[in-house]
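Visitor: this one's structure only:
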């Protein structure tokens, strides 16, 4: 009962064919569920496009095409190995970026270790690897999820890999234009669009090592769902902001005077995602992504994916007019490219300036002005340049763009094949589109020239995403807009490598804020456009659901 599709040769290798999977899945889902999904298992539902481009996604094992890593696909190194098609200078550049990705920054200036200085003065973490453990997901301290509803709040500190996005939310609908940076989040006055909860020793004389404010976190049980006689608790984070620098000692309450605690401020807890495969996602032709969009649900399948359009900092750095481009990265598709995502993390997460973001993360605030008065040597300009050089930026961006994608495991196992059928039939492929064919990579730009990334081009890949925004319902909503993304919308998360998540980092969680300790929990949080697929998942019999989970763990 599988659904086959083919595309016209003019669009061979594109995602247009995958759109047909979405429609086909909608047509057969109801009948398949009534008849019993077991009847669909092993029915030869693999799909293909025009000759020469194989997207038989149910049995495909080379998830990243020629960039697929087979050797480390069973171990904790599954996410942090170079693409096997790297050679010569490209491999050397990747290795240089690997070392820089793990660099632990310290405060500036440092005469003893000048290559490592520049941290902060306000920041969330001190290295890239702290938010992307072995290039995978970050985690919370041990036991915080397990103790949901029982443990006292913990203060986010070193190694948590989590942070808060913040912004002022207006009641007036934003109309995107260059003057408002195409509806970019509005920074909180005196703060920014991200809350930096840590600081160097004397950023705040009143609170050593505190940043703009302290963030305290606990988890509560929002709901419990019965699956096959087992209670599955659905945890969600509870965040409290305390001790903001503009009103020391305050917490949320009726008498709060801090601008950060005002009623119009929205917060969104985020956790670091995996970074492998990013170069391949960047090389997917824009036309193929847009072909999947259906913002008005014209086909009536209940799925209304739409692209985010975001400000392009590269154009501004080049001296070109401000422009809006397709967003591909970040939990709400709020950044357009690997280098914008990476250099933005340098500044926002670590307080490290670069050629794309030359100002400190808290520049222009009273907190920064006071710090600079007391520490005039820490000016964000290392030796007259930036705190991280152009060569280092390019190496790190090349590294993240050329990390290998782990190969699938056990793709031919009968249970896994049956799970792939169920994945399609209940409607998961409507957003988690299995396959794409990459085109030209845009390169990594810098004032000194551009770095090409040919290794990710012309690859058949299996990321299981459409890179579009979808309304995921009230349960996951953060109420915070990001360019065109509403407070209920999130970018479809790629699923490749999903089965290695806990092999790479046993403490990692799922979803944008790490609230889900298991894949089942993550699915059960799906709402909005994904509600129907979620409900079908709950209605599956135990054996079919187990097969579906086996399929997800094979990715």
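Guide: Received, thanks. If you're wondering where the values come from, they're calculated on a predicted model, not measured in any experiment.

Visitor: from what I can see residue 346 touches residue 360, true?
Guide: No. Residue 346 lies out of contact with residue 360 (CB atoms under 8 Å); the separation is 11.3 Å. From N, CA and C alone the C-beta is placed, and that goes for glycine too.

Visitor: quick one: least confident helix or strand in this structure?
Guide: helix 16-35 (a mean of 37; mean pLDDT, DSSP states H and E).

Visitor: What separation is there between the closest residue in space to residue 231 that isn't next to it in sequence and residue 465?
Guide: The shortest distance from residue 231 to any residue that is not its chain neighbour, by CB to CB, 6 or more residues apart in numbering, is 5.1 Å, and that residue is residue 224. Relative to residue 465, residue 224 is positioned 29 Å away (criterion: CB to CB, to the nearest Å).

Visitor: So between these two, which is more surrounded?
Guide: Taking residue 224 and residue 465 together and counting by other CB atoms under 10 Å, residue 465 has the greater number of neighbours (22 against 10).

Visitor: Pull the distance from the helix or strand following the least confident helix or strand of the chain to the chain's centre.
Guide: Sequence-wise, the next helix or strand downstream of helix 16-35 (DSSP states H and E) is strand 68-69. Distance of strand 68-69 from its chain centroid, counting by CA atoms, centre = their mean, to the nearest Å, is 21 Å.

Visitor: Indicate each strand paired with strand 68-69 and its parallel or antiparallel sense.
Guide: Sheet pairing of strand 68-69 (DSSP bridges) gives strand 405-406 (parallel).

Visitor: And the contacts of the partner strand?
Guide: Applying CB atoms under 8 Å, 6 or more residues apart in numbering, the contact partners of strand 405-406 are 63-64, 67-69, 72-73, 78-79, 83, 276-277, 280, 461, 496-497, 500.

Visitor: out of these, which are buried?
Guide: With neighbours counted using 16 or more other CB atoms under 10 Å, the contacts of strand 405-406 contain these buried positions: 63-64, 67-69, 72-73, 78-79, 83, 276-277, 280, 461, 496-497, 500.

Visitor: Could you tell me which ranges of this protein sit under the pLDDT cut-off?
Guide: When the per-residue scores of the chain are filtered using pLDDT under 70, the ranges that remain are 1-55, 72-73, 143, 158-159, 254, 382-384.

Visitor: Swap in 50 and give it another go.
Guide: Counting by pLDDT under 50, the low-confidence segments of the chain come to 1-53.

Visitor: can you pull the buried residues of stretch 474-482?
Guide: Buried, per 16+ other CB under 10 Å, within stretch 474-482: 475-478, 480-482.

Visitor: chain center to stretch 114-122: distance?
Guide: Centre to centre, stretch against its chain (CA atoms, centre = their mean), the figure for stretch 114-122 is 25 Å.

Visitor: and what of stretch 340-355?
Guide: A distance of 16 Å separates the centroid of the chain from that of stretch 340-355, by CA atoms, centre = their mean.

Visitor: do the same with stretch 446-456
Guide: Distance, stretch centre to chain centre, for stretch 446-456: 23 Å (CA atoms, centre = their mean).

Visitor: Compute the first-to-last residue distance for that stretch.
Guide: From its first residue to its last, stretch 446-456 covers 20 Å (CA to CA, to the nearest Å).

Visitor: Identify all contacting residues around that stretch.
Guide: The contact list for stretch 446-456 (CB under 8 Å, 6+ apart) reads 66-67, 83, 85-86, 90, 93, 279-280, 282-283, 317, 355, 390-391, 393-394, 397-398, 401-402, 438, 441, 443-444.

Visitor: Now, of those, which are buried?
Guide: Burial of these was assessed by neighbour count (16+ other CB under 10 Å); the buried members are 66-67, 83, 85-86, 90, 93, 279-280, 282-283, 317, 355, 390, 393-394, 397-398, 401-402, 438, 441, 443-444.

Visitor: taking those residues one by one, which sit in helices?
Guide: In helices, judged by DSSP state H, the following of those are found: 90, 93, 279-280, 282, 317, 390, 393-394, 397-398, 401.

Visitor: Which of those residues sits closest to residue 538?
Guide: Distance ranking of these against residue 538, using CB to CB, places residue 280 first at 32.9 Å.

Visitor: Which parts of this structure are helices?
Guide: Remark: helices of the chain, listed N- to C-terminal, are 16-35, 88-101, 128-131, 278-282, 286-290, 313-317, 338-350, 366-374, 390-401, 414-425, 501-504, 519-524, 531-539, 542-554; assignment by DSSP H.

Visitor: nearest to residue 205, of those?
Guide: Proximity to residue 205, assessed across the helices of the chain by CB to CB, is greatest for helix 366-374 (8.1 Å).

Visitor: one step back: could I get the helices of the chain as CSV with distance to residue 252?
Guide: Conversion of those to CSV gives the following (distance: least, CB to CB, whole Å):
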stretch, distance to residue 252
helix 16-35, 42
helix 88-101, 36
helix 128-131, 26
helix 278-282, 36
helix 286-290, 40
helix 313-317, 33
helix 338-350, 23
helix 366-374, 20
helix 390-401, 37
helix 414-425, 42
helix 501-504, 33
helix 519-524, 28
helix 531-539, 31
helix 542-554, 38
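
Visitor: wait, which of those is closest to residue 271?
Guide: Using CB to CB as the measure, helix 128-131 is the one of these that comes nearest residue 271, at 7.8 Å.

Visitor: tell me which residues in the closest one are buried?
Guide: When neighbours are counted by 16+ other CB under 10 Å, the buried residues of helix 128-131 are found to be 128-131.

Visitor: got JSON lines for those residues, with distance to residue 504 too?
Guide: Below are these laid out as JSON lines (distance: CB to CB, whole Å):
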{"residue": "128", "distance to residue 504": "15"}
{"residue": "129", "distance to residue 504": "12"}
{"residue": "130", "distance to residue 504": "15"}
{"residue": "131", "distance to residue 504": "14"}
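
Visitor: Just the terminal-to-terminal distance for stretch 357-376.
Guide: The distance separating the two terminal residues of stretch 357-376, taken as CA to CA, comes to 20 Å.

Visitor: What are the contacting residues of it?
Guide: If you take CB under 8 Å, 6+ apart as the criterion, stretch 357-376 is touched by 121-123, 190-192, 194, 196, 202-204, 212, 245-246, 313, 343-344, 346-348, 351, 353, 378-380, 386.

Visitor: same check, this time on stretch 191-198
Guide: Around stretch 191-198, the neighbours that count as contacts under CB under 8 Å, 6+ apart are 120, 122-125, 156-158, 163-167, 184-187, 209-215, 241, 259-260, 267, 348-349, 351, 361-362, 365.

Visitor: Weed out the non-buried ones from those residues.
Guide: Of all those considered here, the ones buried according to neighbour count by 16+ other CB under 10 Å are 120, 122-125, 156, 163-167, 184-186, 210-215, 241, 259-260, 267, 348-349, 351, 361-362, 365.
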